[in-house]
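Q: I would like the atomic coordinates for the input below:
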Amino acid sequence: MKIWIDVLTPKQALFFNVISQWLKERGHDVFSTTRSGYGGFEVGSMIGYKLVVVGKHGLTPYEKLIESSKRIELLANIVKEEKFDLSISFSSPECARVSYGMGIPHIMFSDSPHAVHASKLAVPLSKLLFTPWIISEKYWTCYGIARKNIVKYKCLDAAIWIKDWKFRDIKDELNLTKKVTITIRMHEEYASYLLGENRINVFEVLKNIVKEFQDKANIVVLARYPNQFYHIKQELDEKIILPEHVVEGPSLLRFSDVFIGFGGTMTHEAALLAIPSISLFPGKPTLIENFLIKKGFVIRPKNPKHVIKIIRHFLYNRESRIRYEKKIKTFWNSMEDPKEKIISKIEVFGEKV
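A: Numbering: from 1, shown residues only. Alright, predicted model coming up:
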């Protein structure tokens, strides 16, 4: 089959890099697209995943609408030329809409029913939806897909690329000293599902962490957007490590002692790598985060003031860290390798259309 995959985010680049390799191993032809302005292309380049840039990411609701409309036209021209048998995305509205309009079946992956805007646009136009086992069908059928068209796998998405990751020693690249390392991933500002959410004062939390630990730890801060980078650089440049380029997340996390995340994906990665993880995700916890919290793999502080206390606990309580690592190992053993289930379902579906 000739398959089109549309990649919108860094997480999706990591995820679909593996899925595309699985498909290619079975002899399928895979063509992958992305958009500029959100990091998908940069992460794809870092891991050797060839992505063709089509259109760009909009920031404001108006820009999102306009850029999505432009992208639909550009993608439609590519699809008309390439004549794909089916398409795959992680709730890409443009991929779903173009596929529907061009008569190509669309298969969707997602662990994020909280992404309401994208789900409303993509789920109803999807013929098949793959999702982790912990997400009930009711969270998807409300968007207009039949229960029989939902396929579950007993694996968290991040485990799909973490499982066989080739870790690099990046200590020299980031000038990490022999001190403990605290890694912080800054907040998402422009995702549709977070617009209007009440936010904590992210920079105040960051300053408190730096004030407490700057002499005791390497503090690595990963900015998402240029405005974040320049704000942090202006305020804290000499007190932290602030990479100017895309960093290989899993390798950095492996050298970290504590992770603080204001988003989702790296929090999931850190937990699976047995790195104590603190989530300051704005709004309500996602279904995946709730699961990890209940398992004791992620801690969500009652308020930002508790962050320092939690960091101290994990940095200086070795027994707690050992228990954490044992629980994660047991959890890994409970998950399945979803490769065969995913690829066989895609192939069977492809034979029917």
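Q: quick one: the strands in the stretch 1-150 of the chain?
A: Assignment of strands within the stretch 1-150 of the chain using DSSP state E, counting those that start in this stretch yields the ranges 2-6, 29-36, 52-56, 86-89, 106-109, 128-132, 150-153.
Q: If you could redo that for the stretch 151-300 of the chain, that was the one I meant.
A: In the stretch 151-300 of the chain, strands defined by DSSP E, counting those that start in this stretch lie at 180-185, 217-222, 258-261, 277-279, 298-299, listed in chain order.
Q: closest to Lys239 out of those?
A: The minimum distance between Lys239 and those falls on strand 217-222, with 7.2 Å, by C-beta to C-beta. C-beta: built from backbone N, CA, C; applies to glycine.
Q: Send me the closest one as CSV with only the CA atoms.
A: Listed next in CSV are the C-alpha coordinates belonging to strand 217-222 (Å, rounded to 0.1, in the frame of the first residue of the first chain):
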residue,chain,number,x,y,z
ALA,A,217,22.2,21.0,40.5
ASN,A,218,22.4,21.3,36.7
ILE,A,219,19.1,23.0,35.9
VAL,A,220,18.2,22.3,32.2
VAL,A,221,15.3,24.3,30.9
LEU,A,222,13.7,23.4,27.5
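Q: Please find the angle between the direction vectors of that strand and strand 180-185.
A: Put simply, strand 217-222 runs at 20 degrees to strand 180-185, going by axes from the mean of the first three to the mean of the last three C-alpha atoms, to 10 degrees.
Q: Could you list every helix and strand in contact with strand 217-222?
A: Taking 3 or more C-beta pairs under 8 Å, 6 or more residues apart in numbering; DSSP states H and E as contact, the helices and strands that strand 217-222 lies on are strand 180-185, helix 202-213.
Q: Deepest in the core, which of the ones you listed is it.
A: Here the criterion is mean neighbour count by mean count of other C-beta atoms under 10 Å, and of the helices and strands packed on strand 217-222 the winner is strand 180-185, at a mean of 24.
Q: so that one versus helix 202-213, what angle?
A: Relative orientation of strand 180-185 and helix 202-213, computed by the same axes, to 10 degrees: 180 degrees.
Q: Skipping adjacent residues, who's closest to Leu287 in space?
A: Counting by C-beta to C-beta, 6 or more residues apart in numbering, Leu287 lies nearest to Ile135, which is 5.4 Å off, once chain neighbours are set aside.
Q: separation between that neighbour and Lys56?
A: Here Ile135 is placed at a distance of 30 Å from Lys56 (C-beta to C-beta, to the nearest Å).
Q: Between these two, which has more neighbouring residues?
A: Counting neighbours by other C-beta atoms under 10 Å for Ile135 and for Lys56 shows that Ile135 has the greater number, 19 against 15.
Q: didn't the more buried one look like it was pressed against His114?
A: No: shown here, Ile135 and His114 do not form a contact pair, counting by C-beta atoms under 8 Å, at 10.2 Å.
Q: So for those two, which residues contact both of them?
A: Leu287 (C-beta atoms under 8 Å, 6 or more residues apart in numbering).
Q: count of residues packed around Val123?
A: Summarising burial for Val123: neighbours were counted as other C-beta under 10 Å, giving 23.
Q: care to break this structure down by domain?
A: According to the domain assignment given by automatic domain parsing, the chain is divided into the following structural domains: 2-155+336-352, 180-334.
Q: Can you give me the buried ones in stretch 312-326?
A: When neighbours are counted by 16 or more other C-beta atoms under 10 Å, the buried residues of stretch 312-326 are found to be 314-315, 321, 324.
Q: Please state the offset of it from the chain centre?
A: Centroid separation for stretch 312-326 versus its chain: 26 Å, with C-alpha atoms, centre = their mean, to the nearest Å.
Q: what's the span of that stretch, first residue to last?
A: Length of stretch 312-326, first residue to last, C-alpha to C-alpha, to the nearest Å: 20 Å.
Q: Any stretches of the stretch 1-150 of the chain with poor pLDDT?
A: Judged against pLDDT under 70, the stretch 1-150 of the chain has no low-scoring part.
Q: Can you identify each of the helices in it by residue range?
A: With DSSP state H, counting those that start in this stretch, the ranges of helices along the stretch 1-150 of the chain come out as 10-25, 40-47, 61-82, 93-102, 116-122, 138-141.
Q: how far out from the middle of the chain is the first one?
A: Here the centre of mass of C-alpha atoms in helix 10-25, compared against the chain's by C-alpha atoms, centre = their mean, lies 13 Å away.
Q: The second one now?
A: Relative to its chain's centre, helix 40-47 lies at 13 Å (C-alpha atoms, centre = their mean).
Q: helices or strands next to it in the packing?
A: Here helix 40-47 is seen to pack against helix 10-25, strand 29-36 when contacts are counted using 3+ C-beta pairs under 8 Å, 6+ apart.
Q: rerun that using 6 Å as the cut-off
A: helix 10-25 (3 or more C-beta pairs under 6 Å, 6 or more residues apart in numbering; DSSP states H and E).
Q: so where's the stretch 151-300 of the chain shaky on pLDDT?
A: Judged against pLDDT under 70, the low-scoring parts of the stretch 151-300 of the chain cover residues 189-200.
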